[in-house]
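Trainee: based on what follows, work out the 3D shape:
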Amino acid sequence: MRPRSYDYWHVWTLPIAVGFISVIGLLAALIGDDVWDGLSWLCLAVPLVVIGRFVIKPQGKSRAS
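Mentor: Okay, the predicted model is just below:
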């Protein structure tokens, strides 16, 4: 039996949220200028921040023994 902590939403919440924010950023870049450009930069920086967080401090057990 699988532990309850590995259910569907526990695994997919962050990837879905990052994808949704990325789509908002891409649409904001296409829509207009000024405030829209700032919104697009902010939204498109979110995936980079998430990647950086998991590169600097990975989760789970280390495979190096």
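Trainee: before we move on, which element is the residue nearest to the spatial centre of the chain in?
Mentor: Closest to where the C-alpha atoms of the chain average out (Cα atoms, centre = their mean) is Val18, at 3.1 Å. Assigned by DSSP states H and E, Val18 falls within helix 8-31.
Trainee: just Gly60 next, same as before
Mentor: Per DSSP H and E: Gly60 is located in neither a helix nor a strand.
Trainee: ok, Asp33 next?
Mentor: Per DSSP H and E: nothing holds Asp33, as it lies in no helix or strand.
Trainee: list the residues that contact the residue nearest to the centre of the chain.
Mentor: Val46, Pro47, Val50 (Cβ atoms under 8 Å, 6 or more residues apart in numbering). All C-beta spots, glycine's among them, are computed from the backbone N, C-alpha and C.
Trainee: what would those residues look like in TSV with secondary structure?
Mentor: As requested, these are arranged in TSV below (DSSP: H, G, I helix; E, B strand; the rest coil):
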residue	secondary structure
Val46	helix
Pro47	helix
Val50	helix
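Trainee: buried subset of the residues you listed, written for PyMOL?
Mentor: Selecting the buried subset of the contacts of Val18 in PyMOL, with 16 or more other Cβ atoms under 10 Å as the burial test, is done by:
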select buried, resi 46
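Trainee: from the contacts of Val18, which is closest to Gln59?
Mentor: Val50 (12.1 Å; Cβ to Cβ).
Trainee: which pLDDT value goes with the residue nearest to the closest one when sequence neighbours are not counted?
Mentor: Excluding its sequence neighbours, the residue lying closest to Val50 (Cβ to Cβ, 6 or more residues apart in numbering) is Val18, at 5.7 Å. At Val18, the model reports a pLDDT of 97.
Trainee: what do you get for Trp36?
Mentor: 95.
Trainee: show me what the helix or strand hosting it is packed up against.
Mentor: In this structure, Trp36 is located in helix 35-56 according to DSSP H and E. For helix 35-56, the contact count by 3 or more Cβ pairs under 8 Å, 6 or more residues apart in numbering; DSSP states H and E identifies helix 8-31 as packing neighbours.
Trainee: now the helix it packs on against helix 35-56, angle please.
Mentor: Per axes from the mean of the first three to the mean of the last three Cα atoms, to 10 degrees, the angle that helix 8-31 makes with helix 35-56 is 140 degrees.
Trainee: fine by me, we can end here.
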